[in-house]
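[1] Fold the stuff below for me.
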Amino acid sequence: MAQIKSAIADPTFAGGMRKLAGAIPVELMIDGKNVLALLFGAISTGVHGLSDKECLERAETVREALEQFAARLDYVLKEPAKLRKTVGKLEKISLPSREV
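    Numbering: from 1, shown residues only. Next up is the predicted model:
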């Protein structure tokens, strides 16, 4: 938690990203890569010298990565709670004689 607070307090996004490097949960990694860091690199590199086609391709890649990251984040945040709720329901409907 201290690492996250330090990253938030950093006046630059790049500095905050460096401080968060080891704090990103493995469940949010995609193929072992920190998608937030990759997205930062993709959008922080100057696009003014790129063609319209290159900018659109980069924007599409960023959009796709954000969608995948958001889906993974949603899963990581919601699924454990959903699973606990389901197990709780199972406990309520299970009969003591059926314990394994």
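[2] and the longest helix for this structure?
    helix 52-93 (DSSP state H).
[3] got the contact list for the lowest-mean-pLDDT helix or strand in the chain?
    Across the helices and strands of the chain, the lowest-confidence element by mean pLDDT, DSSP states H and E is helix 13-20, at a mean of 77. Contact partners of helix 13-20, identified using CB atoms under 8 Å, 6 or more residues apart in numbering, comprise Gln3, Ile4, Ser6, Ala7, Ile8, Asp10, Leu36, Ala37, Phe40, Ser44. Any C-beta I mention is one placed from the backbone N, CA and C, and that applies to glycine too.
[4] List the buried residues for it?
    Buried residues in helix 13-20, counted by 16 or more other CB atoms under 10 Å: Gly16, Met17, Lys19, Leu20.
[5] Relative to Arg72, which of these is nearest.
    Leu20 (16.2 Å; CB to CB).
[6] and the closest one, how far is that from Lys5?
    Going from Leu20 to Lys5 by CB to CB, to the nearest Å gives 11 Å.
[7] which stretches of the chain have low pLDDT?
    For the chain, applying pLDDT under 70 flags the ranges 46-48, 95-100.
[8] The same query, at a cut-off of 90, please.
    Regions of the chain meeting the criterion pLDDT under 90 cover residues 1-59, 62, 65-66, 68-70, 72-100.
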